[in-house]
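Student: how would this look folded up:
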Amino acid sequence: MTSERVDKAWHTKGIETYSTAAILGSLAHYGVPVTEESFLALAKEDFPLTIALGWHEAWKGTGQFSRFPGAAAEELWRRLKGGELAPTDLALALINLLTTLDAVLASKPEDGTLEALFKIVEGSLPRLPAEGDRREKFMAEMVGALGEWLEVLDGMAEALAKKGLALADRFVTLEEALFPVRQGTATALVKAARGDQYGALVDLRLIAGDSKRDDFTRLTAIDGLFQFDQFDDAKNSLLELMERAEKERDVELASELVERLAHLLKVDPKRVDRAELRTRVEQLARALEG
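Tutor: Numbering: from 1, shown residues only. I've put the predicted structure just below:
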């Protein structure tokens, strides 16, 4: 094991200025012996933040080195993974784009970087992991890295549309590519933001009631119906999905349905079918417990 190590000024100099041997040496010194080979083995299963969380269990570094595992995992990823996209890199690109779009919404002068920022994010999309467990892990880390910016992302396309900006179309295309469960629904919300609520509701009802679509894509459309107080349409699609969840014993879907049916009872407390819906919620909840 190398005796080379990163010094205490790493967080001001930048970890990228140190050798791989120094980064590995510091990890070992503070309780996490790692080689390039062992890191690549970890990277086959997880992404940098999850890897760093595992390292923190044995980490002995304090002060300037208390947060070293996260920075080390990200830097080793960039060096050893042959250009494979890291969730935090995409999150940073999104934050930079959202920051500039926020300025556009505030009618501040555009600094000339908007097109480049869009292209960076759009160019990252083909580099996302294929659908499946690895894609889910990637997106979970990216969303975690976005933090409060996720709420800004969620509302950006609609905010641009309300301002009458054509950028809304470009952003919603990006949004639906990042989050496939929003396909169609995000576009419908942009349509509503431009004043065509009738057309948006037609689209949302079609998606929510389409049994050939992914269940969670339908749930996203149901959430859109809730946004416009279309409670009966939302209820009908929820009950249809409930039958599927019970038949297929899909616990994840059932949990989402319980949450939305409970929300329906809360936001529309004077429903004539309140007792019936409460019974269905209780039945599904008991099925989850079993």
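Student: what's the burial count for residue 193?
Tutor: 21 (other CB atoms under 10 Å). C-beta: built from backbone N, CA, C; applies to glycine.
Student: could you list every residue that touches it?
Tutor: 157-159, 161-162, 168 (CB atoms under 8 Å, 6 or more residues apart in numbering).
Student: which two of these have the greatest separation?
Tutor: Distance extremes for the contacts of residue 193: the farthest pair is 157 and 162 at 9.9 Å, using CB to CB.
Student: so where do the strands sit in the stretch 51-200 of the chain?
Tutor: Taking DSSP state E, counting those that start in this stretch, the stretch 51-200 of the chain contains no strands at all.
Student: those helices in it, which residues are they?
Tutor: Along the stretch 51-200 of the chain, counting by DSSP state H, counting those that start in this stretch, helices occupy 68-80, 87-105, 114-124, 133-146, 149-162, 167-178, 185-193, 197-208.
Student: low-confidence ranges, the protein, go.
Tutor: Applying pLDDT under 70 to the chain picks out residues 1-2, 290.
Student: pull the contacting residues for the residue nearest the centre of the chain.
Tutor: Closest to where the C-alpha atoms of the chain average out (CA atoms, centre = their mean) is residue 143, at 3.7 Å. By CB under 8 Å, 6+ apart, the residues touching residue 143 are residue 150.
Student: before we move on, what about residue 178?
Tutor: If you count contacts by CB under 8 Å, 6+ apart, residue 178 has them with 125, 128, 139.
Student: try it again at 7 Å.
Tutor: Not one residue lies near residue 178 by CB atoms under 7 Å, 6 or more residues apart in numbering.
Student: what's the distance between it and residue 162?
Tutor: 21 Å (CB to CB, to the nearest Å).
Student: same check, this time on residue 63
Tutor: Taking CB to CB, one finds residue 63 at 47 Å from residue 162.
Student: do the same with residue 246
Tutor: Relative to residue 162, residue 246 is positioned 40 Å away (CB to CB).
Student: could you do residue 116 as well?
Tutor: 25 Å.
Student: now swap in residue 30 and tell me
Tutor: For residue 30, the distance to residue 162 equals 50 Å [CB to CB].
Student: more neighbours: which of these two?
Tutor: residue 30 (19 against 16).
Student: backbone dihedrals for that one, please?
Tutor: Note on residue 30: backbone dihedrals following degrees, to the nearest 10 are phi -100, psi 20.
Student: so it makes contact with residue 61?
Tutor: Yes: when contacts are counted by CB atoms under 7 Å, residue 30 is listed as touching residue 61 (3.9 Å).
Student: what number of residues lie near residue 267?
Tutor: Residue 267: 12 neighbours (other CB under 10 Å).
Student: make that residue 36, sorry
Tutor: 13.
Student: show the contacting residues for it.
Tutor: Shown in contact with residue 36 (CB under 7 Å, 6+ apart): residue 80.
Student: mind starting the numbering at 4 from now?
Tutor: I'll keep to 4 as the first residue from here, and by that count the last item is residue 39.
Student: rewinding a little: highest average neighbour count across the helices of the stretch 54-203 of the chain?
Tutor: Most buried of the helices of the stretch 54-203 of the chain, by mean neighbour count (mean count of other CB atoms under 10 Å): helix 188-196, with a mean of 23.
Student: got the angle between it and helix 200-211?
Tutor: Here helix 188-196 points in a direction 160 degrees away from that of helix 200-211 (axes from the mean of the first three to the mean of the last three CA atoms, to 10 degrees).
Student: what separation is there between the residue nearest to the centre of the chain and residue 56?
Tutor: From residue 146 to residue 56 the distance is 15 Å (CB to CB).
Student: can you check residue 149 too?
Tutor: From residue 149 to residue 56 the distance is 17 Å (CB to CB).
Student: name the helices or strands packed onto the host helix or strand of residue 289?
Tutor: Assigning secondary structure by DSSP states H and E places residue 289 in helix 277-292. Counting contacts by 3 or more CB pairs under 7 Å, 6 or more residues apart in numbering; DSSP states H and E, helix 277-292 is packed against helix 234-251, helix 254-270.
Student: what's the angle from the shortest one to helix 234-251?
Tutor: With the same axes, to 10 degrees applied, the angle from helix 254-270 to helix 234-251 works out at 150 degrees.
Student: for helix 254-270, buried residues please.
Tutor: Burial within helix 254-270, assessed by neighbour count using 16 or more other CB atoms under 10 Å, is assigned to 256-257, 259-261, 263-264, 267.
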